[in-house]
Each structure stands twice: as structure tokens, then as C-alpha cells.
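Q: Got a sequence here, can you model it:
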Amino acid sequence: MTQQAARTEQRAPGPAATDGLVAGDGHATHVHDFHQFLYAPLGRIVVTAEGRDHELTPAVALWVPAGVPHSAWFAPDSLVIAEGFAADRHRLPYSRPTVVNVGDAQRRLLFGRTRGPGTTPRDDASAFASLTGAPEGCLLLPQPTSESALRVAEALNRHPEDPRTAAEWAEDLYTSSTSLRRAFRAETGLPFSEWRTRLRLNRSLELLAQGHLVGTVAARVGFTSTNGYILAFRKHFGSTPGAYTRRHP
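A: Here you go, the predicted model:
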């Protein structure tokens, strides 16, 4: 296992560039033969992998499985903590770059692990991942932390079928839609629409397990059409709801 904590130099911020060049501080596209957990307790970093940017903040961390090409950009004066797990010894429950929430308990664990060898147990990667993971079979769904975004998340957890858009939620909460969308992306690593889709899909697993028909499940969790639900389900779980249910009775 490797550990690293590094403070970047003071430079003007800028996005990661192509052709092996990185603007500001960071790393060009590269690949590790080990699983890596990245966290920014101070400042922020942006990790680009599989055509997507993942913005990491003190509330959001990222798992990068071994063998996944990725680049990184560090904001000036950011603190980066990187935990490495040998792929031949540790099983990671994620096959793609995955964002996870970091709460107080996870933050204490991460800081404790940076004190040096022998101060904390060297957990298996899957056990370490479970501290910030999701229930078995569910999609990871980091929760926002700011007041307005958290109120939206709590309301949708109670009623995932609520059709209000981010703009409508913002109007009801007397805030701007830009601020609300920015909060979801910064605090969960996901756009609002993707966050809501994951919530609805996770809730649909409970209804499928209870034996409800696919069309009924789609309507109850807020999808406007059965076909839309099936397409979203296949995109995230790799199969149709019916096939998933047969594999997970």
C-alpha cells in the first residue's frame, strides 16, 4: 500500500490539457497498476477519466480502479491524499471511476492513515470502500451537504417521483438554480439530473424485489415512461429490470 499527501505549488488554475500537457498543477494521462483512492481535504482537484471530469472537494472523493487511464489537475494550494491498494491483493467493488461521500468518520480514518505505517490497520480495499460505499446491489449515491441541496435530497428520498426540475426546486427554496446545480455537482460529484436518476433506480430495486411489474415500478419512482426506465436501468446496471430480477431474486 502506498500513501501520499502533497501540497501543490501556487500557480494560476487551469484545466488539464491534452497531448500529455497539464495546465496548472497536476498529472498528464497515466495508468496505475494499483487501485487508487483520491481525496482533497483542502481545495479541490479535477480527475478526468473515461471522458468525464470528476471534481473532488472536502465532501467528495474518488476511487480509480487499476488500469483506468486518467489525468488530474490540482487547484492552487490544494492538499491531496492518495491511498493505493495493490490490485493483485485487494478486491475493489468498483470497475469504473466512482465518486463517494466523505463524512466525519471517513475523514478521521483518512487522516489517521496518513500518520505513517503501523499507526492504523491496513484494511482490504473492499472493506475500506465499504466505509463510503452503497448497500449491496445499489448505485453509489453521495449525499449533498449544503442546506438547500440537502433539503432537496431529503425530499426526493421521501418522494423520488417528485417531478420538479432543479429550477423549480430552487424557486421553492428561494435560491438560484445555478447555485443548486453547482452544489449537487461539487458535493456529490454528480449533476442534479444524474443524482435523481440514480436515486430512482435504487428505489426501483426495492419495488422489483417486492414483485411489482416493471411498468408499475417505473411510474412509482418517477419515470415518465416504461421505456425510459428500462433504458436508464440497462445503462446503469447492465441489464433490463426483468433480467436483473431473475439474477437477484
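Q: so what are the domain limits for this structure?
A: For the chain, the structural domains run 2-130, 147-247, going by automatic domain parsing.
Q: what are the bridge partners for the residue nearest the centre of the chain, then?
A: Nearest residue to the geometric centre of the chain (Cα atoms, centre = their mean): residue 99, 2.1 Å. On the basis of DSSP bridges, residue 99 is bridged to residue 62.
Q: What's the separation between it and residue 87?
A: Note on residue 99: its distance to residue 87, by Cβ to Cβ, to the nearest Å, is 20 Å. (Each C-beta comes from the backbone N, C-alpha and C, glycine too.)
Q: now do residue 159
A: Here residue 159 is placed at a distance of 41 Å from residue 87 (Cβ to Cβ).
Q: Looking at the two, which has the bigger crowd around it?
A: Counted by other Cβ atoms under 10 Å, residue 159 and residue 87 do not tie: residue 87 has more neighbours, with 16 against 12.
Q: what's around the spatially closest residue to that one that is not a sequence neighbour, how many residues?
A: Excluding its sequence neighbours, the residue lying closest to residue 87 (Cβ to Cβ, 6 or more residues apart in numbering) is residue 66, at 3.8 Å. Using other Cβ under 10 Å, residue 66 has 18 other residues around it.
Q: before we move on, the earlier item: tell me which of the domains of the chain lies nearest to residue 138.
A: Closest to residue 138 of these, according to Cβ to Cβ: domain 147-247, at 4.6 Å.
Q: Return the distance of that closest one from the chain's centre.
A: 15 Å (Cα atoms, centre = their mean, to the nearest Å).
Q: rewinding a little: could you redo the domains of the chain as CSV and give each row distance to residue 140 and mean pLDDT?
A: Output for the domains of the chain, formatted as CSV (distance: least, Cβ to Cβ, whole Å; pLDDT from 0 to 100):
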stretch, distance to residue 140, mean pLDDT
domain 2-130, 6, 71
domain 147-247, 8, 92
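Q: Could you export those to a markdown table, including columns for distance to residue 138?
A: Output for those, formatted as a markdown table (distance: least, Cβ to Cβ, whole Å):
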| stretch | distance to residue 138 |
| --- | --- |
| domain 2-130 | 11 |
| domain 147-247 | 5 |
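Q: Quick one: closest of those to residue 139.
A: Counting by Cβ to Cβ, residue 139 lies closest to domain 147-247 out of those; the figure is 4.6 Å.
Q: Tell me how far the residue nearest to the centre of the chain lies from residue 198.
A: Note on residue 99: its distance to residue 198, by Cβ to Cβ, is 11 Å.
Q: Likewise for residue 96?
A: Between residue 96 and residue 198 the computed distance is 14 Å (Cβ to Cβ).
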